[in-house]
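Q: next input, structure requested:
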Amino acid sequence: MRWVILTLGSIMSGFVTGQTEPDSGINAPVSVFDSNVYQDLFGTQAMRMVFNDKAMVQQWLNVEIALATAQAEIGVIPSSAAVAIERAAKIENIDFDELRQGTNRVGRGISPLLSQIRAAGDEEVSEYLHLGSTTQDIMDTATVLQIKAGVNLIRQELVKLTLKFADLAATHKDTVMLARSNGQDAVPTTFGLHLTTFMMELYRHVQRVDESVSRLQAQIGSTVGTLAPYGDKGFELQERLAQQLGLAVPIVPWNPSRDSFAEIVQTLGLINATLGRLATDVNNLGRTQIDEIKEGEGGASSTMPQKRNPRASEFIGGFARMGKMYNSAALDMMSHSDTRQGSPWILEWSIVPEAFMVTSASIDRAQGLLINLIVNKDNMLSNFKAANNFAMSEAVMNALAQKIGRGDAYAAVESAIKAADPKDTLKNVVEKNELINRHFSQQEIDALMIPANYLGSASKIVERSVSAVRAGLM
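A: Numbering: from 1, shown residues only. Presented below is the predicted three-dimensional model:
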């Protein structure tokens, strides 16, 4: 303990004496999303460009410009004022250190932003900038613009990923493997059919993304949504502004109604949950003793030379858990009171961008995983034999049922298996059991032991589902 205290003390001493120079202020990242070490693992660069500070402030400026332009179009402010506001509301006119300091004082970034715009403009800017609006109008509408941009990126990559699953499923529509339920061998299936479950979930997520983003609206309603500062021109102002920004016109003010934002976050959570299931399957099917699939790009161990750790699955699984965390927080985002409340609103500033960053990283990892996935067809077949082929017992039971009825057939096969020697294969069991054996020829018994003979409509199901997804997305 004394060593730890001395070590910590020496570190702190270094801070004082200058022997160690830690980053300070905005250059001292503490989150994985901004860490110089971790940031590339927790989000794509494209998504970072949607939600970074510069992008956020630019959207604030875009909304202020759109507000002034719309006001000028309906005669609320002079046209010359709108031009002056657009000229002053440039990102290059914004000092981010000053903006940060001002935000520290008031808890919101809009007021200090307006001060800088006014300083960069003329008297008309000072008089007409932000006329009749409120901080939440600007920030909420800007967040909607960011979310739409983020959703566009997610949708593009989600479609690509879904189609990759479709291609892989089609390739392996006849690749026989063991289906497992509750961790136990079940019956034969195909790897392609197994992949269609992920494909269809992701396809539905594309539909959910489209539906959820369609409910986003501009937020222009004045202080509490009454449009009072605009007289009888409030509706027209909303329409003009929404049209300029490519957003839906608000029907009512939604200051305390955050369900649309919560829906977006929870839709992202569903995407991460699906990919989390993929990560679990890749981990399980890639175990050394199973070895049916494995990641083509593994992470090396620092001490065990033989290991190729499934890094993509590892991170996707972590992102799925983070998605659950954001899902829970999304409900808290809806816990406003009265016309609005600051606490749940503040929560959005972290939850929304982080949920998008994590989802973008998860989809990116999943695409790389599929591209480099190694499928061991031989091991998929040999694992039937590893379990003495008992996964074919349902096939035997159903074939016997056609001769003696299902109830008697089930009882006969179950009883025979229970009485079998631990070293017996299913074929041995059938051949030794007089009740079962007398109903089948040797050729029929051999055929019942072949997994490919008990796949039902698996191949056709894959074809049908792949066709539907490609038709819907391509």
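
Q: give me the mean pLDDT for stretch 112-125.
A: Confidence for stretch 112-125, expressed as mean pLDDT, is 97.

Q: correction: stretch 378-397
A: Averaging pLDDT along stretch 378-397 yields 94.

Q: show residues contacting it.
A: 175-178, 185-188, 191, 290-292, 406, 409-410, 413, 417, 424-427, 430, 436, 448-449, 451, 453-454 (CB atoms under 8 Å, 6 or more residues apart in numbering). Every residue, glycine included, has its C-beta placed from N, CA and C.

Q: quick one: residue 418 from residue 163, how far?
A: 47 Å (CB to CB, to the nearest Å).

Q: before we move on, back to that, could you tell me which of the contacts of stretch 378-397 are located in strands?
A: Secondary structure of these is defined by DSSP state E; positions in strands are 176, 177, 178, 185, 186, 187, 188.

Q: contacts only, for residue 252.
A: For residue 252, the contact set (CB under 8 Å, 6+ apart) comprises residue 225.

Q: ok but it is inside a strand, no?
A: No - with DSSP: H, G, I helix; E, B strand; the rest coil as the criterion, residue 252 is assigned coil and is not in a strand.

Q: do you know how far it is from residue 238?
A: For residue 252, the distance to residue 238 (CB to CB) stands at 11 Å.

Q: my guess is residue 173 meets residue 457, correct?
A: No - in this structure, residue 173 is not within contact of residue 457 by CB atoms under 8 Å, at 11.0 Å.

Q: so which of the two has more stuff around it?
A: When residue 173 is set against residue 457 and neighbours are counted by other CB atoms under 10 Å, the residue ahead is residue 173, at 22 against 10.

Q: and that one, how far from residue 195?
A: Distance check for residue 173 against residue 195: by CB to CB, it reads 9 Å.

Q: now residue 283
A: 16 Å.

Q: what do you get for residue 278?
A: 9 Å.

Q: circling back: ok, residue 418 and residue 163, which is more surrounded?
A: In terms of neighbours (other CB under 10 Å), residue 163 is the more surrounded of residue 418 and residue 163; the figures are 18 against 8.

Q: so that one sits in a helix?
A: Yes - residue state for residue 163 (three-state DSSP) corresponds to a helix.

Q: got a list of what it touches?
A: Contacts for residue 163 were tallied using CB under 8 Å, 6+ apart; they are 469, 470, 473, 474.

Q: what is the burial count for the closest residue to the third one other than its chain neighbours?
A: Translated: residue 473. Leaving aside its chain neighbours, residue 473 sits nearest to residue 159 (5.2 Å; criterion: CB to CB, 6 or more residues apart in numbering). Other residues near residue 159 come to 18 when the count uses other CB under 10 Å.

Q: next: residue 100.
A: Under the neighbour criterion other CB under 10 Å, residue 100 is assigned a count of 14.

Q: and the host helix or strand of it, what does it pack onto?
A: In this assignment (DSSP states H and E), residue 100 forms part of helix 96-106. For helix 96-106, the helices and strands in contact under the criterion 3 or more CB pairs under 8 Å, 6 or more residues apart in numbering; DSSP states H and E are helix 53-73, helix 110-120.

Q: the last one vs helix 96-106, what angle?
A: Using axes from the mean of the first three to the mean of the last three CA atoms, to 10 degrees, the interaxial angle of helix 110-120 with respect to helix 96-106 works out to 140 degrees.

Q: just the CA atoms of helix 110-120, as PDB, please.
A: What follows is helix 110-120 as a C-alpha-only set of coordinates in PDB (Å, rounded to 0.1, in the frame of the first residue of the first chain):
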ATOM      1  CA  ILE A 110     -26.900  28.800 -27.700                       C
ATOM      2  CA  SER A 111     -26.700  32.000 -25.700                       C
ATOM      3  CA  PRO A 112     -22.900  32.200 -26.000                       C
ATOM      4  CA  LEU A 113     -23.100  31.200 -29.700                       C
ATOM      5  CA  LEU A 114     -25.500  34.100 -30.300                       C
ATOM      6  CA  SER A 115     -23.200  36.500 -28.600                       C
ATOM      7  CA  GLN A 116     -20.400  35.500 -31.100                       C
ATOM      8  CA  ILE A 117     -22.700  35.800 -34.100                       C
ATOM      9  CA  ARG A 118     -23.800  39.200 -33.000                       C
ATOM     10  CA  ALA A 119     -20.200  40.300 -32.500                       C
ATOM     11  CA  ALA A 120     -19.500  39.200 -36.100                       C
END
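
Q: what's next to that helix, contact-wise?
A: Everything outside helix 110-120 that qualifies as a contact, by CB under 8 Å, 6+ apart, is 57, 60-61, 64, 85, 88-90, 93-95, 98-99, 101-103, 105-106, 125-126, 129-130, 135, 138-139.

Q: in ChimeraX, how would I select the buried members of those?
A: The following ChimeraX line selects those of the contacts of helix 110-120 that are buried, judged by 16 or more other CB atoms under 10 Å:
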select :57,60,61,64,85,88,89,94,99,102,103,125,129,130,135,138,139
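
Q: circling back to that earlier point, the more surrounded of residue 283 and residue 195?
A: The residue with the greater number of neighbours, taking residue 283 and residue 195 and applying other CB under 10 Å, is residue 195; the counts read 28 against 16.

Q: doesn't residue 287 belong to a helix?
A: No - assessed with three-state DSSP, residue 287 is coil; it does not lie in a helix.

Q: what about it, how many neighbours?
A: 11.

Q: with residue 465 instead?
A: One way to gauge burial is a neighbour count; for residue 465, by other CB under 10 Å, it gives 22.

Q: ok, residue 451 next?
A: Neighbour tally, residue 451, other CB under 10 Å: 22.

Q: nearest residue to it in space, please, no chain neighbours.
A: Residue nearest to residue 451 in three dimensions, not counting chain neighbours: residue 188, with 3.8 Å by CB to CB, 6+ apart.

Q: state the distance from the one you found to residue 390.
A: 12 Å.

Q: could you do residue 167 as well?
A: Distance, residue 167 to residue 390, using CB to CB: 33 Å.
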